[in-house]
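Asks: just coords:
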Ligand code: ADP
């Protein structure tokens, strides 16, 4: 499975945030538009109602048989008509009103009687006279048509086109906000005598958008994409791990053939020793005086048989997946003692001196004793082989030292050494320069070392001869 790249995760987050943002902002805009159109419609209805009331008042006054005194009439009407400022009428050709008559009154009366509905005459500021055909007139202040608390919340600027020009009734947005979203309604008042065009304007400012919810959504989207990214990453890692394990298993199976050949090579040595010792014991069996020698030969045979069984167990463990080596602090001194006993006759026969220098400051390596014994046994065997035919004094030196948190064990000989061009190939399976050699001893040693978190290296000593060094972890308690 292809893991999600960081780039695509980022793009997915951006797309998700953007989609959520468009939805949130769209919702908010729809909500703000609904409120604005509703509030404008309410205001329009209220203003139209007030204008219609003025017409109704004029019609009622026209029916009065005995007209009242203007100042008293005004005081009586004002509580119900907040926009009414003054009133008056032409009676028997004379103006009687609470304020001076407007210019052009006679012409307006004439026009109203012709049209059969009142007409508006301009006055100062936001005021106008409403004049009917009977000569009655009301002075209206458009600014006072609605009380301050009657203006709905969602409105911005509101203007009314009066006979003298456009006047502002509401001025909540003196300056248009930056990046504002415009809202507009144009509609004349619904009163026959005062069809003044009403203009409602509002701009949705930055502060009115749902930034908080958008930020929350972006965080949620980040968490969602992050979780998906982590999940896909985890699955990809698991798949990679499975693939790695499969390859390792294939590699192990590939070395199975190598192991089989190695097994024969490794078992040959103890089996030959068993055969030799058992034959010797058989020969000496009837001789009473040789009983001890017979016992020793049988004991050696039993030890070699155990070693052969251990080798088989070790090889089986190496080809089984998940096999773990047994790691414990190993007494290298004792191990070398037993190897010296095992190889004693061979060393003596070839006149090879084996010396052991322990400079490990009483530390011990953490290793599998059987695997370690196999490695050292192999290295000693190779050194013995290399010294065959070497002139002069023949020496094998085994030395141990502590190097920081590693235990280093070297097996050096004063034989011919390793030609530099052979050095890179020593640990390759089947690399051998010996007649009858299998070229499996060193690859096996390297595999065994690797399984113990160890490392085996080969070099030529400055004074001549080969030197193999095994580096192993140091046992904790012995550090
Ligand atoms: P084999 O012993 O079957 O040849 P090994 O893997 O043990 O297989 O060794 C591979 C080769 O490494 C040997 O053939 C030899 O050329 C070289 N070699 C190993 N040990 C020594 C040594 N102590 N001195 C010189 N050459 C060595």
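Replies: Here it is on my side, so go on. These numbers come from a predicted model, not from an experiment.

Asks: so is the top helix by length along the chain next to the ligand?
Replies: Longest helix in the chain by number of residues, with DSSP state H as the criterion: helix 211-284. No - applying CB under 6 Å from any ligand atom, one finds helix 211-284 separated from the ligand by no less than 6.9 Å. C-beta here means a position set from N, CA and C on the backbone, and glycine is covered the same way.

Asks: just the strands in the stretch 101-250 of the chain please.
Replies: For the stretch 101-250 of the chain, the strands defined by DSSP state E, counting those that start in this stretch occupy 119-122, 127-131, 136-141, 157-162, 165-171, 181-188, 197-204.

Asks: distance of residue 241 from residue 9?
Replies: Separation of residue 241 from residue 9 (CB to CB, to the nearest Å): 21 Å.

Asks: need the helix or strand of the protein with the lowest average pLDDT.
Replies: helix 291-319 (a mean of 79; mean pLDDT, DSSP states H and E).

Asks: following that helix, which helix or strand shows up next?
Replies: Counting by DSSP states H and E, the next helix or strand C-terminal to helix 291-319 is strand 328-329.

Asks: residue 241 and residue 9 - which one has more neighbours?
Replies: Between residue 241 and residue 9, residue 9 has the larger neighbour count (other CB atoms under 10 Å), namely 19 against 10.

Asks: so in terms of bridging, what pairs with residue 129?
Replies: residue 121, residue 139 (DSSP bridges).

Asks: so where's the stretch 1-150 of the chain uncertain?
Replies: 1-4 (pLDDT under 70).

Asks: if we go to 50?
Replies: For the stretch 1-150 of the chain, applying pLDDT under 50 flags the ranges 1.

Asks: around the ligand, which positions in it sit nearby?
Replies: Residues of the stretch 1-150 of the chain lying near the ligand (CB under 6 Å from any ligand atom): none found.

Asks: quick one, helices of the stretch 1-150 of the chain?
Replies: Using DSSP state H, counting those that start in this stretch, the helices of the stretch 1-150 of the chain run over residues 6-63, 70-77, 105-115.

Asks: hmm, who's touching the second one?
Replies: Surrounding helix 70-77, the residues in contact under the criterion CB atoms under 8 Å, 6 or more residues apart in numbering are 57, 61, 67, 68, 84, 86, 87, 88, 89, 96, 97, 98.

Asks: just want the angle from that helix to helix 6-63.
Replies: Using axes from the mean of the first three to the mean of the last three CA atoms, to 10 degrees, the inter-axis angle of helix 70-77 relative to helix 6-63 is 140 degrees.

Asks: just want the angle from helix 70-77 to strand 136-141.
Replies: 60 degrees.

Asks: buried residues in helix 70-77?
Replies: Buried positions in helix 70-77, judged by neighbour count with 16 or more other CB atoms under 10 Å: 70, 73, 74, 77.

Asks: before we move on, what about stretch 428-439?
Replies: Using 16+ other CB under 10 Å as the burial criterion, the residues of stretch 428-439 that qualify are 429, 431, 432, 438, 439.

Asks: that one: end-to-end distance?
Replies: End-to-end distance of stretch 428-439 (CA to CA, to the nearest Å): 8 Å.
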